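**Student:** just the structure for this:
(one chain, ligands or ions: 1)
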Amino acid sequence: MKANLNLGSVFGIEIKIHWTFFFLILWIVFSELKRGGNTASILFNVALVFAVFVCVILHELGHALMAKRFKIDTKKITLLPIGGMASLERIPESPKQELLVTLAGPLVNVIIALLLYFAIPVQELMHLNFTETFEILSSFTLQNFLFYLYIVNIALVVFNLIPAFPMDGGRILRALLAIRMNRIKATQIASTIGQFIAILFLLVGLLYNPFLIFIALIVFLGAYGENQMVHHLELLKGHTVKESSITNITTFNPKDTLSKAIKAVITSTENNFVIIENNAVKGLLFYQDIMEHAKNENTLIGDVMTTTFKAVDSNDDLKKVYQLIHGQKNSFFPVLENDKLIGVIDAVNLNEFIVFQSKLVQ
Ligand SMILES: [Zn+2]
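**Tutor:** Residues are numbered from 1 along each chain as shown. Here you go, the predicted structure:
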């Protein structure tokens, strides 16, 4: 099953929605029905969820467009029931850039909240007493819809500024610390603070709201993941692609048949292959494509290979490959030297390199 539904693209960034998002919609419909809601109340709440998610997309676009100013591309924005995620090609390493890219997201929600504040008479609502406010807000009008959206945007700002990974606040904290110390130390401190906050969430969650337990888990894993990524990047610093490439590889011609590739899969440890013609890389043949067409082994490789791929240079930084692997579906890249194929690099051998390096520094 495909995990994400494609919604199209904005500024060349794909917008995807995770399938679990539809559980959220179902959950809203069911809980409205349980409360004795009618069609109007269900539509109002479902529309509100969609409007909130538009605000979340705009928030993520805030990050992506600021990153673009620093020449960092964003491949996609994914919407999950718990929020959005912009897959930046890489995280800016300069603390100042990271700070600006991170602040750009919540800033979008501040702007939306400000616009809504002036568009609807928020102050009028504030002057009423509790019962009057409650009465006005319980009807399904456009003004109420916008008022809830205003509250949600403020909540998004507050939630995102919690100083814990993977929330923006965690990155802001790290960037602020990194101005005064090195990035690894800054990440360690920010992760520790994040995990401490996760424990607070867990305790409050156990007492009052199970949803907080869920957030605690995400924050805990986020802190761990961020710490590990920065650690890996540091181990790869100063090393080139050449040091971690596999040079003893099998290649095929687009006119070869699939039977050759099947034989190579069975008789070697190679699963993915580079396809070359006249010394130039024409495409990549992935294991899943071989399996998919294995029934017709006379199929020409040229007909089933992937022709859109990224190649890396043997003198490139290994950090670059690490970041590519974390942002891609396929983690197998041809390695070129003076535009000629000299080998390949994939996630497995890059991980081996990282493990080996970590043994050296221990
Ligand atoms: Zn954000």
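**Student:** quick one: contacts for the nearest residue to Glu93 once chain neighbours are set aside?
**Tutor:** Distances taken as Cβ to Cβ, 6 or more residues apart in numbering place Arg183 nearest to Glu93, at 6.8 Å, with adjacent residues excluded. Every residue, glycine included, has its C-beta placed from N, CA and C. Applying Cβ atoms under 8 Å, 6 or more residues apart in numbering to Arg183 gives the contacts Glu93, Pro95, Arg174, Val230, Glu234.
**Student:** now the second one, nearest residue through space, not along the chain?
**Tutor:** To tie it back to what came earlier, the one meant is Pro95. Ala178 (3.9 Å).
**Student:** how many neighbours does Ile184 have?
**Tutor:** By the criterion of other Cβ atoms under 10 Å, Ile184 has 14 neighbours.
**Student:** if I look at it, how far off is Pro92?
**Tutor:** Taking Cβ to Cβ, to the nearest Å as the measure, Ile184 falls 16 Å from Pro92.
**Student:** how many neighbouring residues does whatever residue of the chain ends up closest to the ion have?
**Tutor:** Proximity of the chain to the ion (Cβ to the ion) peaks at Gly105, 3.1 Å away. Other residues within reach of Gly105 by the criterion other Cβ under 10 Å amount to 24.
**Student:** how about the host helix or strand of it: buried residues?
**Tutor:** Per DSSP states H and E, Gly105 falls inside helix 95-119. If you call a residue buried by 16 or more other Cβ atoms under 10 Å, then helix 95-119 has these buried ones: 95, 97-109, 112-113, 116-117.
**Student:** who does it touch, helix- and strand-wise?
**Tutor:** Counting contacts by 3 or more Cβ pairs under 8 Å, 6 or more residues apart in numbering; DSSP states H and E, helix 95-119 is packed against helix 39-69, helix 142-160, helix 168-178.
**Student:** circling back: show me what contacts the residue nearest to Pro95?
**Tutor:** Neighbour list for Ala178: Pro95, Glu98, Ala186 [criterion: Cβ under 8 Å, 6+ apart].
**Student:** quick one, what contacts the last one?
**Tutor:** The one in question is Ala186. The neighbourhood of Ala186, defined by Cβ under 8 Å, 6+ apart, consists of Pro95, Arg174, Ala175, Leu177, Ala178.
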